[in-house]
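**Student:** okay, predicted coordinates and the sequence, questions at the end:
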Amino acid sequence: MTLPFLLEIGAEEIPDWMIEPALKNLSELFNTVLVEHKLGGAVTGMDATPRRLVLHAEGLAGKQEDSIELVTGPAKSAPPKAVEGFAKKSGVAADQLVLATSERGEYWTLSRKVSGRATLDVLASALPQIVGKIYFPKTMYWTGKGGARFIRPIRWIVALLGPDVVPFEFAAVKSGNTTNGHRILGNKNLPVTIANHREELRKNFVVLSAAERRAMIEKALDERVESDEALVNTLVYLTEYPTPIRGAFDPKYLTLPREILSTVMRHHQRYFSVTNDKGGLAPEFIAVMNTSADPDGLVRMGNERVLRARFNDARFFWDVDQKKKLEDRVEDLKHVTFQAKLGSYFEKTERVIVIARNIAQILEAKVPATERAARLCKTDLTTDMVKEFTDLQGIVGGLYARAQGEWEEVAQAIYDHYRPLNMDGPLPSTLEGLALSIADKIDTLEQCFAIGMAPTGSKDPFALRRAAQGVVRMIVERKLPLPLDHLVPKNTPLEAFLLDRIRYYFKDIRAFQYDEVNAVLASGSDDLVDIDSRLTALAEVRPTENFEPLAASFKRIQNILRQANYSAGGTFDPNLLEPGPEADLYAEFTRVREAVNAYRSKHDYKSALEAIASLRPKVDLFFDKVLVNAPDETIRQNRLTLLNSLLTEFSAIADFSEIVTTH
């Protein structure tokens, strides 16, 4: 007979962004206990609301199975009294001991039966450790320094194994079979069983399923509501009983830029923006309240009142900021610290101007506009708007530049220069914006690495991984002719860091196989666009019948050359070739080399790789019929030189020895 298990940890509101990682960690911790203690069963469901983390498991055994324990005593050579003492201590006669052989020699041993513990007892011991180990970025002491730590004060714990309470205590809270409903709408101290737990919560206005709460929110989001998956996810974990309501604001605020209004609604009030029939912003919003209804419209009016105040603030900041031009704010950057050891944003601006100018020249962007954008791009950090709405940095600079009559290329470059903000975010839309964004990120990377602030583990306070990933994305996806050696110095920790981000991008984001990425990068290139083309071709040609066998042959060639201690630079003599497979391989090699060079000059890497793969029959026949390590030194060196030429010539697109083969 197996048993179900339920654990509910009830707490004060947990930050929404911490909930899903905590659930995953809790599931892993509990499954580990099941395996280590041989309890059987597995986690079958995880649920959470802001006030509770819930774990469901099925199939747990009522007790551990009995086991046989081997107890090792004295060595065979030990005095009889020592052996008798071991037997007496173990509660058996000396003649019941058995000699067993191990790596250390022969020892007297005793086998005894160990009764399995009740699962209830095992869980009672393990659960306090599990709860205490749930990972949160920050935790707090709630019972005094040195006591239990958790993200928020724990208010109740439900722990049930079948019909029984698993007794334990954590942070001065004892486990039981009572939970609490919605903070306002529900009842407290609700007795529950595993079978009725979910339904009792629903009766008390707690929708336990995150998927169901998501559906309740999305039901109100029609085609006029601006899509915002991140906001939906946030609201799912901010509410236990989500109810969307539609509100409105005075159309006069639509004179402010859309970006500012949307940011105020989304980031500060967690409202959805609504569009009109022409795609512009409508004077409406969708809010999600954590209650069942708003019959008198009091919640709606409260939200409208708060939003009106926020919009008034934004309009005030806009009007005040316009009294000072961005150009006049450049000197103010001397008083804004970029990093304590790296000086001010004014100093950063001076460096970025130089880098951006060089990149703009390579990209054939408008150099004067790029330099101007670089000069002004950080000035919005001194504005009241950005001080209040920090998410708008860069965007505000672009909007202000446009409002103050700067060239459109300047305004757009400033607007875009923080992009991309993540792996899915939009890229800068102009060459000037791309040049400025890359320059800004490269400067941050160079300066931080110069003072030893390279990311370590999960610590990356200046988001250097994101910056490097953004540089890679922009170059590859916008097909920019911007070699790495134009951006970072060779053979430096920064170059190695950037190469690591390149590997991550192509493997984890673009889904190329890891050995394909290694093969192309090992062949050497500073041109990321070219690397992308070669990887695409390699992935397309790899499934063909000749490719992997040829890659296996290239590995064999590499091993032969290494074992022979071959030094490149030997002279190849075609007159020493033996008629048959050896001469045929050379002839085919010569033909394919010409074809490959022609394809490579056109960047037609797929055709080049197909041509290389066509060598496979000749290579196979060569190894079947020709003795590479011929007794004659001259013949042997000539054959090794032929193989080295073949390996070197065709590794320029990808190092085939890096390909993992099944042959």
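**Tutor:** Perfect, thanks for sending it.
**Student:** can you map out the helices along the stretch 501-650 of the chain?
**Tutor:** Assigned by DSSP state H, counting those that start in this stretch, the stretch 501-650 of the chain shows helices spanning 514-522, 528-541, 547-563, 581-601, 605-613, 616-625, 633-650.
**Student:** looking at these, which is buried most?
**Tutor:** Mean neighbours per residue, mean count of other Cβ atoms under 10 Å, is largest over the helices of the stretch 501-650 of the chain for helix 605-613, with a mean of 22. C-beta here means a position set from N, CA and C on the backbone, and glycine is covered the same way.
**Student:** that one - contacts with which helices or strands?
**Tutor:** Helix 605-613 makes packing contacts with helix 528-541, helix 547-563, helix 581-601 when contacts are defined by 3 or more Cβ pairs under 8 Å, 6 or more residues apart in numbering; DSSP states H and E.
**Student:** for the shortest one, C-alpha coordinates in CSV please.
**Tutor:** Below are the C-alpha coordinates for helix 528-541, written out as CSV (Å, rounded to 0.1, in the frame of the first residue of the first chain):
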residue,chain,number,x,y,z
LEU,A,528,30.9,36.1,-36.4
VAL,A,529,28.8,36.4,-39.5
ASP,A,530,31.1,34.0,-41.3
ILE,A,531,31.0,31.6,-38.3
ASP,A,532,27.2,31.7,-38.4
SER,A,533,27.3,30.8,-42.2
ARG,A,534,29.8,28.0,-41.6
LEU,A,535,27.7,26.6,-38.7
THR,A,536,24.6,26.7,-40.7
ALA,A,537,26.3,24.8,-43.6
LEU,A,538,27.8,22.3,-41.2
ALA,A,539,24.5,21.5,-39.6
GLU,A,540,22.9,21.0,-43.1
VAL,A,541,25.7,18.7,-44.4
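**Student:** what residues does that helix touch?
**Tutor:** 472, 475-476, 479-482, 484, 502, 506, 510, 512-513, 516-517, 519-521, 523, 525, 547, 603, 605-606, 608-610, 613, 653-654 (Cβ atoms under 8 Å, 6 or more residues apart in numbering).
**Student:** what angle do that helix and helix 547-563 make?
**Tutor:** Interaxial angle of helix 528-541 relative to helix 547-563 (axes from the mean of the first three to the mean of the last three Cα atoms, to 10 degrees): 110 degrees.
**Student:** chain center to helix 528-541, what's the gap?
**Tutor:** 24 Å (Cα atoms, centre = their mean, to the nearest Å).
**Student:** tell me the angle that helix makes with helix 581-601.
**Tutor:** 130 degrees.
**Student:** shaky segments in the stretch 251-400 of the chain?
**Tutor:** Within the stretch 251-400 of the chain, no stretch has pLDDT under 70.
**Student:** how about D332: what's its closest non-neighbour residue?
**Tutor:** T382 (4.5 Å; Cβ to Cβ, 6 or more residues apart in numbering).
**Student:** count of residues packed around that neighbour?
**Tutor:** By the criterion of other Cβ atoms under 10 Å, T382 has 20 neighbours.
**Student:** kindly report the same for L70.
**Tutor:** L70: 10 neighbours (other Cβ under 10 Å).
**Student:** that one and W108 touch, don't they?
**Tutor:** No. If you go by Cβ atoms under 8 Å, L70 and W108 don't touch, sitting 11.4 Å apart.
**Student:** now the residue nearest to D332: how far from T349?
**Tutor:** 12 Å (Cβ to Cβ, to the nearest Å).
**Student:** overlap in contacts of those two?
**Tutor:** Common contact partners of T382 and T349 (Cβ under 8 Å, 6+ apart): L333.
**Student:** which stretches of this structure have low pLDDT?
**Tutor:** 67, 69, 114, 662-663.
**Student:** mind naming the longest helix for it?
**Tutor:** The longest helix of the chain (DSSP state H) is helix 298-321.
**Student:** need the contact list for the residue most central in space within the chain.
**Tutor:** Nearest to the geometric centre of the chain sits D508, at 8.9 Å (Cα atoms, centre = their mean). Residues counted as contacts of D508 (Cβ under 8 Å, 6+ apart): none.
**Student:** now do 10 Å
**Tutor:** With contact set as Cβ atoms under 10 Å, 6 or more residues apart in numbering, D508 has these partners: M423, Y514, V517.
**Student:** from memory L342 sits against L445, does it?
**Tutor:** No. Counting by Cβ atoms under 10 Å, L445 is not a contact partner of L342; they are 11.9 Å apart.
**Student:** who has more neighbours, these two?
**Tutor:** Remark: of L342 and L445, L445 carries more neighbours, 24 against 19, as counted by other Cβ under 10 Å.
**Student:** state the distance from the residue nearest to the centre of the chain to R419.
**Tutor:** 20 Å.
**Student:** then L39?
**Tutor:** L39 is 50 Å from R419, by Cβ to Cβ.
**Student:** neighbour-wise, which of these two wins?
**Tutor:** Shown here are L39 and R419; by other Cβ under 10 Å, L39 has more neighbours (27 against 20).
**Student:** quick one: contacts for that one?
**Tutor:** Contacts of L39 (Cβ under 10 Å, 6+ apart): 2-3, 5, 33, 57, 59-65, 116-117, 119, 122-123, 126, 161.
**Student:** same deal with L480?
**Tutor:** I359, I362, L363, L431, L434, A435, I438, V471, M474, D527, L528, V529.
**Student:** whichever of those end up buried, select them in PyMOL.
**Tutor:** For the buried members of the contacts of L480, the matching PyMOL selection, counting by 16 or more other Cβ atoms under 10 Å, is:
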select buried, resi 359+363+431+434+435+438+471+474+527+528+529
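**Student:** T239: which of the contacts of L480 is nearest?
**Tutor:** Sorting those by how near they are to T239, with Cβ to Cβ, puts M474 at the top with 37.6 Å.
**Student:** for whichever strand or helix holds the closest one, packing partners?
**Tutor:** Assigned by DSSP states H and E, M474 belongs to helix 464-477. With contacts taken as 3 or more Cβ pairs under 10 Å, 6 or more residues apart in numbering; DSSP states H and E, helix 464-477 sits against helix 431-450, helix 493-504, helix 528-541.
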